[in-house]
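>>> The following block contains a protein sequence and its predicted model.
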Amino acid sequence: MDDDLDLVIVGAGFAGLAMLHRARESGLRTRVIEAGSGVGGTWFWNRYPGARTDSECYYYQLSFSKELVEEWTWSERYPGQPEMLRYLDFVADKFDLRSDITFATRVTAMEFREDGWDVTTDSGELLRAKWVVTGLGFLTHPHVPDFPGLDSFAGDLYLTCRWPAEGVDLTGKRVGIIGTGATGVQAIPIIAEQAAELTVFQRTPNYVVPAQNRPLEPDEIADLKARHYEILEKARNHSFAMPFDPGNGPAMAVDEQERQRIFSDGWSRGGFRFLFETFDDLILDPDANEAAAEFIRAKIRETVHDQEVAELLSPRGYPYSGKRPPAGHDYYEAYNRENVTLVDVSAKGAPIREITATGVRTADRDHEFDVLVLATGFDAVTGAHTAIDVRGRDGLTLKEKWLDAPKTYLGLTVAGFPNLFMISGPMSPFANLPVCIEKNVEWIGNALDHARAQGLRTVEATEEAEADWGRRVQEAVEPTLLTLGEGVHSWFTGANIPGKAHVVNVWFGGANNYFAACDEVAERGYEGLRLSR
C-alpha cells in the first residue's frame with residue numbers, strides 16, 4: 001500500500017501529463033496510473049492506418065511552457081499518429097514526467113473513505129491519496145457491437161482503437177471494415193491502398209469535408225511559434241476552442257452565388273473551418289444547414305464517379321454536424337478505386353445479420369474476408385469512467401449515479417464524490433481538446449491550491465449546483481440543430497450504445513462561454529462547491 005500521496009492521476013495522455021506538471025508546481029506528491037506501456041493516451045492506442053488529428057497542429061498542443069512551444073517543430077498541418085506520439089514522448093522526457101508514472105497498470109476501483117480515496121489497480125496495489133484527478137478522455141473506451149458470431153471469425157480481427165503497435169501487413173488481403181465514423185473515414189483510404197480488396201460496410205454516411213493537409217514551410221512555422229500565445233488567446237475566446245475568424249453572418253442573407261462562393265472558400269480551407277468560418281448559423285438555422293449539406297452532397301457527386309455509390313455516400317435525414325463531422329484525407333476519392341466496394345447495411349439496405357467463420361453475412365449475401373476491421377467507435381464521454389468501479393459517499397457508484405444521465409458540475413466534479421476532479425469530464429465542451437484540457441488543469445490546480453491553503457478536508461459539488469449545470473447544458477443545446485430530434489443519433493447523446501441513456505452529455509454552449517463560467521465559479525470563492533474543514 002502506498003499511502004504517502006496527495007494526488008493520484010488516472011491517465012497519461014494530454015490531460016494526465018499537463019496535470020502532473022501542474023501538481024509538481026504545487027509540490028503535491030503525485031502518482032499517475034496509465035494502462036498503456038507508454039504515454040500518449042488516445043495517441044498511444046489509436047495506431048490504425050491514417051490516424052491523425054482533425055485540429056491543426058499549432059493549436060493542438062500544450063502551452064504551459066514557452067520552451068516547449070519553441071523547441072518542438074511540427075512537420076505538417078494535421079499531424080499523424082506517429083508524430084503525435086513522438087510529441088507527447090518529447091513532453092514527458094523534457095519534464096522528466098515518467099518518474100511519477102506507473103505504466104501498463106489499470107485502475108480497477110476507487111472508493112472514497114473519510115477524507116480521501118483508496119485507489120486499487122489490476123496489479124493488486126492499493127494507493128491512498130487525498131485527491132484524485134481523472135484524465136480519461138471522451139473517446140477512449142472501445143465499443144464493440146454485439147454481432148452474433150463475432151468470435152467465430154477465422155481470419156484476423158482488428159479493433160481500430162487497439163491496433164497493433166507493430167502494424168499490420170494488409171498487402172494482397174481481402175479486407176472488410178465496419179464503420180464510417182471519424183476513424184473509418186481516416187482508415188479507409190489508407191487500407192484501400194494496401195489491400196487487394198476492401199469492402200466498406202456503411203450504416204450511416206457522414207458529412208466529410210477535406211482537411212486539406214499539407215507540409216508546413218519553415219517561414220510559416222517560425223511565424224506560428226512567434227504568435228503562439230496570441231493564437232492561444234484567440235482559441236480560448238472561440239466557441240470550438242480554435243483560433244478561427246467569425247463567419248460571414250447568416251447563410252440565407254446572401255444570394256445563392258455568393259453563398260456558393262463562400263462555401264467553396266471554406267471547402268478549400270478545409271476541416272472545421274468549413275463549419276465555423278463560412279457562416280455563423282449553420283448549426284442554428286435549418287435552411288442554412290441544408291444549404292451546407294447540399295453543397296457537401298454536390299461535392300460528393302462531383303468526386304465519386306459512380307453516381308449510385310455517390311448517392312449512398314450522401315447523408316440525408318440528419319443535419320450537418322448532427323454527428324461528429326470528420327475531416328477527410330482523400331476519403332471520397334477512395335471509392336473510385338476498383339478494389340473498393342461500398343455496402344449499405346442500413347435498415348433500407350442489407351443489414352448485417354452475423355459474423356461467420358469466413359466473413360460477414362448481410363441480409364442478402366455472404367462476404368468473405370481474410371481480415372475484418374471494426375471501426376465501431378466508443379462508449380463515449382462516460383464510458384471510461386463507468387468502466388472503473390468508482391464509489392463515493394455511502395457506496396454509491398458513479399455508474400449508478402449516471403444510469404439515467406450523466407450528472408456533473410461544470411464537467412469537473414460530481415456531487416457525492418468528494419475530492420474527485422475530472423479533466424474534460426461529461427458535460428464539458430466538445431471542442432478542440434488540448435485547449436480545453438489546459439483550462440481544466442489550470443482550474444483544478446488552482447482549486448487544489450485553494451483547498452490546501454484553507455486547510456479544507458473535502459471539496460464536493462452541491463446537488464443544487466449540479467442540477468443547475470444540468471439545466472444549463474440542456475438549455476445551451478436547445479437553440480441548435482443538435483437536439484434529440486429524429487435522425488440525430490450520435491455519441492453526443494449516447495445513442496450509439498444500446499441501452500445507454502439518450503441524453504445530451506456534452507456542453508454545446510461554446511467553449512469560450514464554458515471557460516467564463518468556470519472562471520466565474522472560482523472568482524466567487526468556488527461557488528457551488530461544498531468546502532469542508
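Looks like it came in fine.
>>> In the stretch 201-350 of the chain, what residue spans correspond to helices?
218-226, 228-236, 256-269, 273-276, 286-303, 307-313 (DSSP state H, counting those that start in this stretch).
>>> What lies in contact with the third one?
Residues lying outside helix 256-269 but in contact with it, judged by Cβ atoms under 8 Å, 6 or more residues apart in numbering, are 209-210, 212, 248, 251-252, 254, 273-275, 277-279, 291-292, 295, 299. C-beta coordinates here come from the backbone N, C-alpha and C atoms, glycine included.
>>> How far off centre is that helix?
28 Å (Cα atoms, centre = their mean, to the nearest Å).
>>> ditto for the longest one
Helix 286-303 has its average C-alpha position 25 Å from the chain's average C-alpha position, going by Cα atoms, centre = their mean.
>>> Run the angle between that helix and helix 256-269 for me.
For helix 286-303 against helix 256-269, the angle by axes from the mean of the first three to the mean of the last three Cα atoms, to 10 degrees is 60 degrees.
>>> returning to that earlier point: among the helices of the stretch 201-350 of the chain, pick out the one with the most neighbours on average.
When the helices of the stretch 201-350 of the chain are scored by mean count of other Cβ atoms under 10 Å, the highest mean neighbour count falls to helix 273-276 (a mean of 22).
>>> ok, now which ones touch Lys323?
Residues in contact with Lys323, defined by Cβ under 8 Å, 6+ apart, are Gly181, Thr204, Asn206, Tyr207, Val488, His489, Ser490, Phe492.
>>> Looking at it now. What's its pLDDT?
Note on Lys323: pLDDT of 88.
>>> how far away is it from Thr413?
29 Å (Cβ to Cβ, to the nearest Å).
>>> Check His489 too.
Separation of His489 from Thr413 (Cβ to Cβ) stands at 30 Å.
>>> When those two are compared, which one has more neighbours?
A count of neighbours by other Cβ atoms under 10 Å puts Thr413 above the other of His489 and Thr413, at 27 against 18.
>>> which one is the more buried one nearest to, not counting chain neighbours?
Excluding its sequence neighbours, the residue lying closest to Thr413 (Cβ to Cβ, 6 or more residues apart in numbering) is Ala461, at 4.2 Å.
>>> quick one: contacts for the one you found?
Going by Cβ under 8 Å, 6+ apart, the list of residues near Ala461 reads Thr408, Tyr409, Thr413, Val414, Ala415, Gly528, Leu529, Arg530.
>>> distance between the ends of stretch 522-530?
Taking Cα to Cα, to the nearest Å, stretch 522-530 runs 13 Å from one end to the other.
>>> about what we covered before: turn the helices of the stretch 201-350 of the chain into JSON lines, including mean pLDDT and distance to Glu197.
Formatted as JSON lines, those follow (pLDDT from 0 to 100; distance: least, Cβ to Cβ, whole Å):
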{"stretch": "helix 218-226", "mean pLDDT": "97", "distance to Glu197": "40"}
{"stretch": "helix 228-236", "mean pLDDT": "97", "distance to Glu197": "43"}
{"stretch": "helix 256-269", "mean pLDDT": "98", "distance to Glu197": "31"}
{"stretch": "helix 273-276", "mean pLDDT": "97", "distance to Glu197": "32"}
{"stretch": "helix 286-303", "mean pLDDT": "98", "distance to Glu197": "21"}
{"stretch": "helix 307-313", "mean pLDDT": "98", "distance to Glu197": "16"}
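>>> ok so, going back, so which of the contacts of Ala461 are in strands?
Under the assignment DSSP state E, the contacts of Ala461 contribute Leu529, Arg530 to strands.
>>> What's opposite Leu529 in the beta bridge?
Taking DSSP bridges as the rule, Leu529 bridges to Ala461.
>>> hmm, I was thinking of Thr413
Tyr409.
>>> what's the pLDDT at it?
For Thr413, pLDDT reads 98.
>>> residues contacting it?
Leu420, Phe421, Met422, Val459, Glu460, Ala461, Leu529.
>>> quick one on the thing from earlier: I'd like the contacts of Ala461 as a markdown table, with distance to Trp402 appended.
Compiled in a markdown table, the contacts of Ala461 are given as follows (distance: Cβ to Cβ, whole Å):
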| residue | distance to Trp402 |
| --- | --- |
| Thr408 | 9 |
| Tyr409 | 13 |
| Thr413 | 14 |
| Val414 | 9 |
| Ala415 | 12 |
| Gly528 | 19 |
| Leu529 | 20 |
| Arg530 | 20 |
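>>> Kindly give a single PyMOL line that selects the buried subset of the contacts of Ala461.
Buried residues within the contacts of Ala461, by 16 or more other Cβ atoms under 10 Å, are selected in PyMOL with:
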select buried, resi 408+409+413+414+415+528+529+530
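>>> Now flag whichever of the contacts of Ala461 is closest to Phe64.
Thr413 (22.1 Å; Cβ to Cβ).
>>> Now do that closest one against Pro148, distance only.
41 Å.
>>> do the same with Gly266
Taking Cβ to Cβ, one finds Gly266 at 43 Å from Pro148.
>>> what do you get for Val168?
Noted for Val168: a distance of 25 Å to Pro148, by Cβ to Cβ.
>>> likewise Glu125?
39 Å.
>>> With Val119 instead?
Per Cβ to Cβ, Val119 is found 38 Å from Pro148.
>>> the more surrounded of the two?
Val119 (24 against 12).
>>> got a list of what the more buried one touches?
Counting by Cβ under 8 Å, 6+ apart, Val119 touches Val8, Val10, Ile33, Val107, Ala109, Met110, Leu126, Leu127, Arg128, Ala129, Val132.
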